[in-house]
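Q: Let me see the structure of the following:
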Amino acid sequence: MKRTLLSLALFSFVVTSAYADDDKPIQFAQLPQAAQQFVKQYFANEKIALAKMESDFFGKNYDIIFANGDKIEFDGSGNWEEVKCRYSEVPADIVPAEIRKYIQSTYPEAKVVNLEKQRNGYETKLSNGWELEFNNQFQLVDMDN
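A: Residues are numbered from 1 along each chain as shown. Purely as a prediction, here's the structure:
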């Protein structure tokens with residue numbers, strides 16, 4: 001009996017895991033309104049190569065990948081979570097002013113190429129290789145090269 005229950009539990013876990021991460025290409029118009037507005041405001045001149053919706057146990061997420069390799073990740077409501085720029089920089093208006101000021105004064109030659117919103121603050125990656133982590137009060141709490 002124990003073996004049967006264990007087998008059934010294992011089978012359920014495998015089947016559930018297989019369906020847990022479901023990526024599906026979508027049209028731009030199928031994105032939440034907030035995500036559409038964000039793309040139109042900050043990336044209006046970029047060509048979208050792929051828009052996709054990811055479903056998992058916790059809900060839906062959305063990704064936009066541009067033809068130049070830049071990528072934006074959105075939560076289920078269409079709020080941006082991460083902006084990755086491969087060959088350009090994250091638009092300055094997306095970077096909080098306090099973080100932008102710190103980077104300009106400390107690393108004047110560096111550009112922000114990755115910005116991620118986290119629960120406890122922001123993580124940035126600069127073009128010079130530095131990764132900076134800021135808390136919600138925009139204080140530098142960690143750095144790595």
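
Q: all contacts plus neighbour counts: C-alpha atoms, from now on.
A: Fine.

Q: The residue most central in space within the chain in helix, strand or coil?
A: By CA atoms, centre = their mean, the chain has its centre lying nearest to Glu82, at 2.6 Å. Assigned state for Glu82: strand (three-state reduction, DSSP: H, G, I helix; E, B strand; the rest coil).

Q: isn't it right next to Ile72, touching?
A: Yes. Between Glu82 and Ile72 there is a contact at 5.7 Å, judged by CA atoms under 8 Å.

Q: quick one: contacts for the closest residue to Phe74 other than its chain neighbours?
A: Distance criterion CA to CA, 6 or more residues apart in numbering; nearest residue to Phe74, sequence neighbours excluded, is Trp80 at 4.3 Å. With contacts defined as CA atoms under 8 Å, 6 or more residues apart in numbering, the neighbours of Trp80 are 35, 38, 72-74, 117.

Q: Against Ile64, how distant is Trp80?
A: According to CA to CA, to the nearest Å, Trp80 and Ile64 sit 11 Å apart.

Q: what residues are shared contacts of the two?
A: 72-73.

Q: Provide the backbone phi and psi angles at Glu109.
A: Note on Glu109: backbone dihedrals following degrees, to the nearest 10 are phi -90, psi -10.

Q: Quick check: the gap between it and Ser55.
A: Distance from Glu109 to Ser55, counting by CA to CA: 39 Å.

Q: At which residues are the strands of this protein located?
A: If you assign secondary structure with DSSP state E, the strands in the chain sit at 22-25, 48-56, 59-66, 71-74, 80-84, 112-118, 121-126, 131-135, 140-144.

Q: Centre of the chain to the second one, how far?
A: Pointing back at strand 48-56 there. Distance of strand 48-56 from its chain centroid, counting by CA atoms, centre = their mean, to the nearest Å, is 12 Å.

Q: got it, and stretch 38-57?
A: Distance of stretch 38-57 from the chain centroid (CA atoms, centre = their mean) equals 11 Å.

Q: Okay, buried residues for it please.
A: When burial is assessed from 16 or more other CA atoms under 10 Å, stretch 38-57 yields the following buried residues: 38-39, 48, 51-55.
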